[in-house]
Structures are given as structure tokens and as C-alpha cells.
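In: Provided below for reference: sequence and predicted model.
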Amino acid sequence: MTDFQIKRLPYNLTAQAGLSLVGQYLKRFAQIDQIIDPRFPISGQGGIATSSLLKAYVGLLCTGKSDFDAIESLRRDAFFRDALGLVAVPSSPTLRQRMDALADAGDTALTALDEANERLLRRAKPTFTPLSTGHLALDFDVFTLDNSGTAKEGVGRTYMGFDGYAPIAG
């Protein structure tokens, strides 16, 4: 049996180092703050900017989680906050309510998000390589989200054997 030595390091380790690149892309290329915040200002004082909510949710998705409650495990994670350029990480009720409000904004929100996405792609200049037919390949797959024990609408039995959703990601 090996003896292990445990000591505190002068720095923190994280499993989500890629979030620093996501944060830079959202800031430099998509310019989420400049596009979103003028169109969806915070009501009241001291609230979290709408752009920060979107960045927090994108960060959550990048960690492989999509349910609003998963943000709670990241609220005290300094790396998550700093990598995405957030002043504060929102609570799950705040994230849920404000994202619902954005969904209620309909085309106005979709137009703003499309603009940010187009700006990101235009400025980042990714290389798309078409197939010999001229088509562009798109990888997509279904993944399951476990919502067992919740009262969410539209929850059904998934192929993984639990109650949840099976959205398609592309």
C-alpha cells in the first residue's frame, strides 16, 4: 500500500478549465454584454445583468448540466465566476425566473441572441469544411436529462430508464 501525502497547494485546480476560453469567446467575439444588456436592462437596483445570466447558463451547459438547480453547486466557485466574467453567479430561482422572462420576450430575445451568435461566428472566423457534395456536416445526438421526482411538464420515460427529457443537440 502506498502512503499518500496530502498538502494544500497555493492555487486551485478545476475540472472546467475550458470555461476560460468560453468566457473569452463570449466577451471578445459575441460581445454579449453590448448586445443583450441595452435590450434587456435590469429592473431595480443591484440585480444581475441579463448578459451575466446568459453567460452563467452557457457555462452551465458547457459543464454538461442544463437544469437551473445545477447552478447552485457553482455559486461559490470562484473559477466559474471569474472565467465567465461574472460579478456574481445567480441563484437557481433567479436564473429560472429571468430565463422564463427572456422566453416570454419571444422574437426580441431570439433576435438579440441570433445577433450575438452571428457576431461570434463572424469574428472568430471558424473554418467550415463542406463535404464533396457541398453540404456541411452537422453532428447531432440525443442526450438524456434526469428529471425523476420533479413535477415538470413534458417529462417522460427516457431510453436510459428514468423520467426526464431527451433533447437533440447539434
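Out: Arrived safely, thanks for sending. Residues are numbered from 1 along each chain as shown.

In: ok, and for stretch 77-84, which residues are buried?
Out: By neighbour count on 16 or more other CB atoms under 10 Å, the buried set for stretch 77-84 is 77, 79-81, 83-84. The way it works is simple: take the backbone N, C-alpha and C, and place the C-beta from them, glycine included.

In: could these be laid out in TSV, adding distance to Ala56, secondary structure and pLDDT?
Out: Output for these, formatted as TSV (distance: CB to CB, whole Å; DSSP: H, G, I helix; E, B strand; the rest coil; pLDDT from 0 to 100):
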residue	distance to Ala56	secondary structure	pLDDT
Asp77	11	coil	91
Phe79	13	helix	91
Phe80	8	helix	94
Arg81	9	helix	95
Ala83	11	helix	93
Leu84	7	coil	95
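
In: would you turn the residues you listed into TSV with distance to Leu136?
Out: Conversion of the buried residues of stretch 77-84 to TSV gives the following (distance: CB to CB, whole Å):
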residue	distance to Leu136
Asp77	36
Phe79	34
Phe80	33
Arg81	36
Ala83	30
Leu84	29
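
In: Out of these, flag the one nearest to Ser52.
Out: Top of the list for closeness to Ser52, among the buried residues of stretch 77-84 and by CB to CB, is Leu84 at 8.0 Å.

In: Roughly how far does the residue nearest the centre of the chain sit from Pro126?
Out: In the chain, the centroid-proximal residue (CA atoms, centre = their mean) is Val58; its distance is 1.4 Å. As judged by CB to CB, to the nearest Å, Val58 and Pro126 stand 17 Å apart.

In: so what strands line up beside the helix or strand bottoming out on mean pLDDT in the chain?
Out: Ranked by mean pLDDT, DSSP states H and E, the helix or strand of the chain with the weakest confidence is strand 168-169, at a mean of 76. Using DSSP bridges, strand 168-169 pairs in its sheet with strand 141-142 (antiparallel).
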